[in-house]
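Enquirer: Got a predicted structure here, sequence first:
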Amino acid sequence: MQILEREIIKALKVFINTRDVIVLHGARQVGKTSVMVYLIDELKAQGKNTLYIDLEDLRFVQLINNGYKNFIDYLEENNYLRKKMLYLFIDEIQYLDNPTNFLKIIHDHYSQKIKLFVSGSSSFEIKSKFKESLVGRTVNFELDPLNFKEFLLFKKSNIDFNKKSFTKLTEEELKKHYTEYIIYGGYPRIVLEKNILKKETLLQQIIDTYIRKDIKDLANIKDIFKFNKLLEILASQTGNLLNVVELANTAKLTRPTVENYLFLMQNTYILKLLNPFSSNLRSELFKTPKIFFCDTGIANLLWFKTFPKTIMGNIFETSVFSELLKNKNEHLFFWRTQDKKEIDFIIRKRQKIIPIEVKLTQAHFNYTSMKYFMGKYNIKQGICISMEIDKRKNKNVVYKYPWEL
């Protein structure tokens, strides 16, 4: 089966011949193994010496846990440490008892013979097991579910994203694709599956097998029913302000328990918290964040128990948040005043501030909050993201489709 080239591969290739240990992390089923296999195939085509090890195989976990020397002996016995550099790919590195020590030794003593690529599925486990002694030895990359451009690649669309404008016919095709992207999300296997019932079954398996099981094991959750209830409540509130007290009361959990579950959900790539924007950085730390699911397909299935026929406004906003995040807009915020003036997203790039409102249709956009914000921060132009656009510019606001982000 052909493996498609994800955008992250270009960034990984920059470091393919350095001494750094490449660490690729992200949720299960987002395609980390496929990215590794893509690189392996390219290296093999160049005549390079490669080896792939999956630590789901407990034999290799035991081999490495018994000491790096045993592992080196294994490589030598099987003739992997030939004169050529070995490009070694290890999947699910978090299963090791002490991955830090292993990676440190390979980097410090064997980097002339071994170039190491590793992946991990839980940033919580990776952060808890990786120590500061790896600083300067690793380069970290996070793999997300497909962004919309990758989604079109997987759907074998011929639309050229480098064009600055599209015909009405192409715009309608893009709307159709983006609607599908919002409803089903960006997990590669779900995107490739054509049958809707199969999509639902496969995504439910990701929820049951990976999301609920991983967190249950990590947090040693006793009352899985209450945790599942919390997860479903959160899905229905994606795009809303986080109210921990209300969540605790509704799910019948204590506030510290809810806060602990939220921490774990953030570190297992289920959801993200978006902080409010303020010119006073200190004040940002004390204001209520908004909550967003990382994948709209998962949010839909948890909320509605099936894929919806129509798009909810907060799910559309979640899809835009996800795209902004995947496009590496790290300084991303929202803005809200005490009298409830609100801007959905604020991007801060150096000294530039970009306000973004998200509405399903241009007709639903109210200029009041945007005008107030732009006046307060001396901004000349804002953006409104919408699926239905009549005019491209109005009152210092540029209207864009979500794929134009």
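Expert: Arrived safely, thanks for sending.
Enquirer: use CA for all of it now, contacts and neighbours both
Expert: OK.
Enquirer: Stretch 303-310: which residues count as buried?
Expert: Neighbour counts over stretch 303-310 (16 or more other Cα atoms under 10 Å) mark Trp303, Thr306, Phe307 as buried.
Enquirer: Could you do stretch 193-212 as well?
Expert: Within stretch 193-212, judged by 16+ other Cα under 10 Å, the buried ones are Lys199, Glu200, Leu202, Leu203, Gln204, Ile206, Ile207, Tyr210, Ile211, Arg212.
Enquirer: quick one: average pLDDT of that stretch?
Expert: Along stretch 193-212, the predicted local confidence has a mean pLDDT of 91.
Enquirer: Narrow the buried residues of stretch 193-212 to those in strands?
Expert: Counting by DSSP state E, no part of the buried residues of stretch 193-212 is found in strands.
Enquirer: Mind putting those residues into CSV with distance to Thr296?
Expert: Shown next, in CSV, are the buried residues of stretch 193-212 (distance: Cα to Cα, whole Å):
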residue, distance to Thr296
Lys199, 13
Glu200, 13
Leu202, 15
Leu203, 11
Gln204, 13
Ile206, 13
Ile207, 13
Tyr210, 16
Ile211, 14
Arg212, 17
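Enquirer: Among the residues you listed, which pair sits farthest apart?
Expert: With distances taken as Cα to Cα, the most widely separated pair in the buried residues of stretch 193-212 is Lys199 and Arg212, at 18.4 Å.
Enquirer: Tell me where the stretch 1-150 of the chain has strands.
Expert: Here the stretch 1-150 of the chain has its strands, by DSSP state E, counting those that start in this stretch, at 21-25, 49-54, 86-91, 114-120, 138-142.
Enquirer: Taking strand 21-25 as reference, get the angle to the longest one.
Expert: Note on geometry: by axes from the mean of the first three to the mean of the last three Cα atoms, to 10 degrees, strand 114-120 and strand 21-25 are set 20 degrees apart in direction.
Enquirer: packing partners for strand 114-120?
Expert: Strand 114-120 sits against strand 21-25, strand 86-91, helix 99-110, with contacts defined as 3 or more Cα pairs under 8 Å, 6 or more residues apart in numbering; DSSP states H and E.
Enquirer: With the last one instead?
Expert: Using 3+ Cα pairs under 8 Å, 6+ apart, the elements in contact with strand 138-142 are strand 21-25.
Enquirer: How about residues contacting the strand it packs on?
Expert: When contacts are defined by Cα atoms under 8 Å, 6 or more residues apart in numbering, strand 21-25 is touched by residues 12, 15, 32, 103, 107, 115-123, 137-143.
Enquirer: Let me see the contact set for Ile383.
Expert: Residues in contact with Ile383, defined by Cα under 8 Å, 6+ apart, are Ile354, Pro355, Ile356, Glu357, Val397, Val398, Tyr399, Lys400.
Enquirer: Could you export the strands of the stretch 1-150 of the chain as TSV, including mean neighbour count, distance to Leu274 and mean pLDDT?
Expert: Conversion of these to TSV gives the following (neighbours: other Cα atoms under 10 Å; distance: least, Cα to Cα, whole Å; pLDDT from 0 to 100):
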stretch	mean neighbour count	distance to Leu274	mean pLDDT
strand 21-25	23	21	93
strand 49-54	16	34	96
strand 86-91	21	30	96
strand 114-120	23	24	94
strand 138-142	15	18	90
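Enquirer: Now tabulate these in CSV and tack on distance to Lys226.
Expert: Conversion of the strands of the stretch 1-150 of the chain to CSV gives the following (distance: least, Cα to Cα, whole Å):
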stretch, distance to Lys226
strand 21-25, 28
strand 49-54, 33
strand 86-91, 32
strand 114-120, 28
strand 138-142, 30
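Enquirer: what residues go with each domain of this structure?
Expert: Residue ranges for the structural domains of the chain, counted by automatic domain parsing, are given in the record as 8-143, 150-404.
Enquirer: The ones you listed: which one's closest to Gln2?
Expert: Distances from Gln2 to each of these were compared using Cα to Cα; the minimum, 9.1 Å, belongs to domain 8-143.
Enquirer: For the chain, name the helix or strand with the lowest mean pLDDT.
Expert: Counting by mean pLDDT, DSSP states H and E, the weakest-scoring helix or strand in the chain turns out to be helix 281-284, with a mean of 58.
Enquirer: Tell me the first helix or strand C-terminal of that one.
Expert: The C-terminal neighbour of helix 281-284 among helices and strands, as given by DSSP states H and E, is strand 290-293.
Enquirer: Helices - which of the buried residues of stretch 303-310 land there?
Expert: In this view, the buried residues of stretch 303-310 that belong to helices under DSSP state H are Trp303.
Enquirer: since we're on Glu357, how many residues are nearby?
Expert: Around Glu357 there are 23 other residues, counting by other Cα atoms under 10 Å.
Enquirer: Which parts of the stretch 201-350 of the chain are strands?
Expert: Listed in chain order, the strands found in the stretch 201-350 of the chain under DSSP E, counting those that start in this stretch are 271-274, 290-293, 332-336, 342-349.
Enquirer: Looking at these, which one is packed in the most?
Expert: Compared across the strands of the stretch 201-350 of the chain, strand 290-293 shows the largest average neighbour count, a mean of 24 (mean count of other Cα atoms under 10 Å).
Enquirer: what does the average pLDDT come to for that one?
Expert: Along strand 290-293, the predicted confidence averages to a pLDDT of 97.
Enquirer: Who are the packing partners of it?
Expert: Checked by 3+ Cα pairs under 8 Å, 6+ apart, strand 290-293 has strand 271-274, helix 313-326 packed alongside it.
Enquirer: let's see it at 7 Å
Expert: Using 3 or more Cα pairs under 7 Å, 6 or more residues apart in numbering; DSSP states H and E as the contact criterion, the elements in contact with strand 290-293 are strand 271-274.
Enquirer: residue nearest the centroid of the protein?
Expert: Averaging the C-alpha coordinates of the chain gives a centre point, and the residue nearest to it by Cα atoms, centre = their mean is Asp144 (3.3 Å).
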